[in-house]
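**Q** Okay, sequence plus prediction incoming.
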There are 2 protein chains.
Amino acid sequence: MTEARGTKRRQGPRKGDLREKAILDAAEDLLGRESVELMTVESIAKGAGISRAALYFYFGSKLEVLTALVGRTVDAMTAQADVAQAADASVEDVVRASVRHTANSWREHGLVMRAAVDLTPTTPAIRALWTGTVNRYATAMTEVLTRAGVADPALAEALCWMTERTFYWASVNGDDLDRTAETCAQIWCATLRGNN
Amino acid sequence: MTEARGTKRRQGPRKGDLREKAILDAAEDLLGRESVELMTVESIAKGAGISRAALYFYFGSKLEVLTALVGRTVDAMTAQADVAQAADASVEDVVRASVRHTANSWREHGLVMRAAVDLTPTTPAIRALWTGTVNRYATAMTEVLTRAGVADPALAEALCWMTERTFYWASVNGDDLDRTAETCAQIWCATLRGNN
DNA sequence: ATTTTTATCGACACGGTGTAGACTTCTTCG
DNA sequence: CGAAGAAGTCTACACCGTGTCGATAAAAAT
């Protein structure tokens, strides 16, 4: 099972690449209605307008679909991520801007990000994507913290996971993400000052 | 499906209550070897020395077993929890003690706690147990923070989830939990000072 | 000692998964 | 154009884990 991808189809913008996108779109759509484990290969296929067996031509399993979907979303996130980092801004401002940016990601891609978190325990590939993203963020932040005299990378890491979890629950509960961002930023800044 | 429990058997230390414990023990044992979703009702039953169908006499599903197991563990945790809170200790000391206590919980019950976190998205009953525990901890901490002039409950909540996630990953990766506790305590204390 | 509750088991039906193999539709190049 | 072959789709099937049913055994209760 699972097939590691790439055995079949590989190159070129063939006709059925639209299908591939359609499948991901259908899956993303479904995430809005049913939970991940209720979502069946059948339902995804139906959403994409093809038969169950046809879907297996493109993806080896439901989890491969979800992995591709998370990958697409993570790419989109990091694409619009590294705009910031104006070198002259105050450290606190950089931190606040980063947290706000995170809030926006959750606003835009909350459904998929939630699914990514939910699937992190079960799916190695998704775990890799997600922890990879968080760790990238963490190392970037470690640099920023260092500029403020806080050296330990473990601190940045812990704060990143705090941010992740807090936004996750806020997204699940439908809380106000601006407030959430405020809370997170406050802790980030406190750590910034408190450990020089 | 699922049967909501209680329809069958209810009172007394009947003979088969041992079985019930045996089943939970078997499940906990299994958590050490295979992941939650690989674990099958069959394997749990086998571990408890009974047949698959017999297990359904005690629990309505694999998830009910896991829920009971998490419940048992959470009870054990909270049982030995509220020892602390000596009213004259410094706020920072209380915080450090709490975090260290959390580290001990993860040391002792890491397997089940990890499973609880993993199952939180999928199983409402376990989500209730877990968020309940964390929230109890959060409100207790809110009081402590208030004593230090930091009023916002959202801060304590965010810090609790930071602690949860950080220990979760440390437990998964086999990191040193003392170091993890140190990191968490540092952020707790920074927030304590930084936001008066 | 027998009646009732508690516990166990074998057998079944169901639903979702993944695969095999036949079939159709595109593409492309002689 | 028109055959070869690649890309895409479908029906049918076998598998596996789940949960239930009814018959039966073991324990408790009377």
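**A** Here it is on my side, so go on. Fair warning: this is a prediction, and the values are worked out from it, not measured in the lab.
**Q** And stretch A:46-64, how far out from the chain middle?
**A** In this view, stretch A:46-64 has its centroid 23 Å away from the chain centroid, taken as CA atoms, centre = their mean, to the nearest Å.
**Q** How about it and chain B, any contact?
**A** No - on the criterion CB under 8 Å from any CB of the partner chain, stretch A:46-64 is out of touch with chain B, staying 10.8 Å away. Backbone N, C-alpha and C define where each C-beta goes, glycine included.
**Q** So that stretch, near DNA strand D or not?
**A** Yes - using CB under 7 Å from any atom of the strand, stretch A:46-64 reaches DNA strand D at A:50-54, A:57-58.
**Q** Using PDB, list the CA coordinates for that stretch.
**A** C-alpha atoms of stretch A:46-64 as PDB (Å, rounded to 0.1, in the frame of the first residue of the first chain):
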ATOM      1  CA  LYS A  46     -17.300  12.300  -5.800                       C
ATOM      2  CA  GLY A  47     -16.400  15.900  -5.000                       C
ATOM      3  CA  ALA A  48     -13.800  15.900  -7.800                       C
ATOM      4  CA  GLY A  49     -16.300  14.400 -10.200                       C
ATOM      5  CA  ILE A  50     -14.600  11.100 -10.700                       C
ATOM      6  CA  SER A  51     -14.900   7.600  -9.500                       C
ATOM      7  CA  ARG A  52     -13.200   6.200  -6.500                       C
ATOM      8  CA  ALA A  53     -11.000   3.900  -8.500                       C
ATOM      9  CA  ALA A  54     -10.000   6.800 -10.800                       C
ATOM     10  CA  LEU A  55      -8.700   8.700  -7.800                       C
ATOM     11  CA  TYR A  56      -6.300   5.900  -7.100                       C
ATOM     12  CA  PHE A  57      -4.700   6.700 -10.400                       C
ATOM     13  CA  TYR A  58      -3.600  10.000  -9.000                       C
ATOM     14  CA  PHE A  59      -3.100   9.300  -5.400                       C
ATOM     15  CA  GLY A  60      -2.300   6.100  -3.600                       C
ATOM     16  CA  SER A  61      -4.500   6.800  -0.600                       C
ATOM     17  CA  LYS A  62      -6.600   9.300   1.300                       C
ATOM     18  CA  LEU A  63      -3.500  10.300   3.300                       C
ATOM     19  CA  GLU A  64      -1.500  10.900   0.200                       C
END
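**Q** Convert stretch A:177-189 to CSV, retaining C-alpha atoms only.
**A** Extracted in CSV, the C-alpha atoms of stretch A:177-189 (Å, rounded to 0.1, in the frame of the first residue of the first chain):
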residue,chain,number,x,y,z
LEU,A,177,-7.6,35.6,16.2
ASP,A,178,-6.5,39.2,16.8
ARG,A,179,-6.9,38.7,20.5
THR,A,180,-5.0,35.5,20.2
ALA,A,181,-2.2,37.2,18.4
GLU,A,182,-2.1,39.9,21.1
THR,A,183,-1.8,37.2,23.8
CYS,A,184,1.0,35.4,22.0
ALA,A,185,2.9,38.6,21.2
GLN,A,186,2.8,39.6,24.8
ILE,A,187,4.5,36.4,25.9
TRP,A,188,7.0,36.6,23.2
CYS,A,189,7.9,40.1,24.2
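**Q** Could you say which helix or strand holds the residue most central in space within chain A?
**A** With distances taken as CA atoms, centre = their mean, residue A:113 lies nearest the centre of chain A, 4.3 Å away. In this structure, residue A:113 sits in helix A:91-119 according to DSSP states H and E.
**Q** Next, the angle from that helix to helix B:91-119.
**A** Between helix A:91-119 and helix B:91-119, the angle comes out at 30 degrees (axes from the mean of the first three to the mean of the last three CA atoms, to 10 degrees).
**Q** Any part of helix A:91-119 near chain B?
**A** Yes - using CB under 8 Å from any CB, helix A:91-119 comes into contact with chain B via A:117-118.
**Q** touching DNA strand C at all, the next helix-or-strand element following that helix?
**A** Remark: after helix A:91-119, the chain's next helix or strand is helix A:124-147, criterion DSSP H and E. No - using CB under 7 Å from any atom of the strand, helix A:124-147 stays clear of DNA strand C, coming no nearer than 13.3 Å.
**Q** quick check, distance from helix A:124-147 to the centre of its chain.
**A** Offset of helix A:124-147 from its chain centre (CA atoms, centre = their mean): 11 Å.
**Q** Stretch A:113-121 too?
**A** On CA atoms, centre = their mean, the centre of stretch A:113-121 falls 8 Å from that of its chain.
**Q** if we can go back for a sec, JSON lines for the residues of stretch A:46-64 next to DNA strand D, including neighbour count, secondary structure and pLDDT?
**A** Formatted as JSON lines, the residues of stretch A:46-64 next to DNA strand D follow (neighbours: other CB atoms under 10 Å in any protein chain shown; DSSP: H, G, I helix; E, B strand; the rest coil; pLDDT from 0 to 100):
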{"residue": "A:50", "neighbour count": "18", "secondary structure": "coil", "pLDDT": "95"}
{"residue": "A:51", "neighbour count": "12", "secondary structure": "coil", "pLDDT": "96"}
{"residue": "A:52", "neighbour count": "13", "secondary structure": "helix", "pLDDT": "97"}
{"residue": "A:53", "neighbour count": "9", "secondary structure": "helix", "pLDDT": "97"}
{"residue": "A:54", "neighbour count": "14", "secondary structure": "helix", "pLDDT": "97"}
{"residue": "A:57", "neighbour count": "14", "secondary structure": "helix", "pLDDT": "97"}
{"residue": "A:58", "neighbour count": "22", "secondary structure": "helix", "pLDDT": "97"}
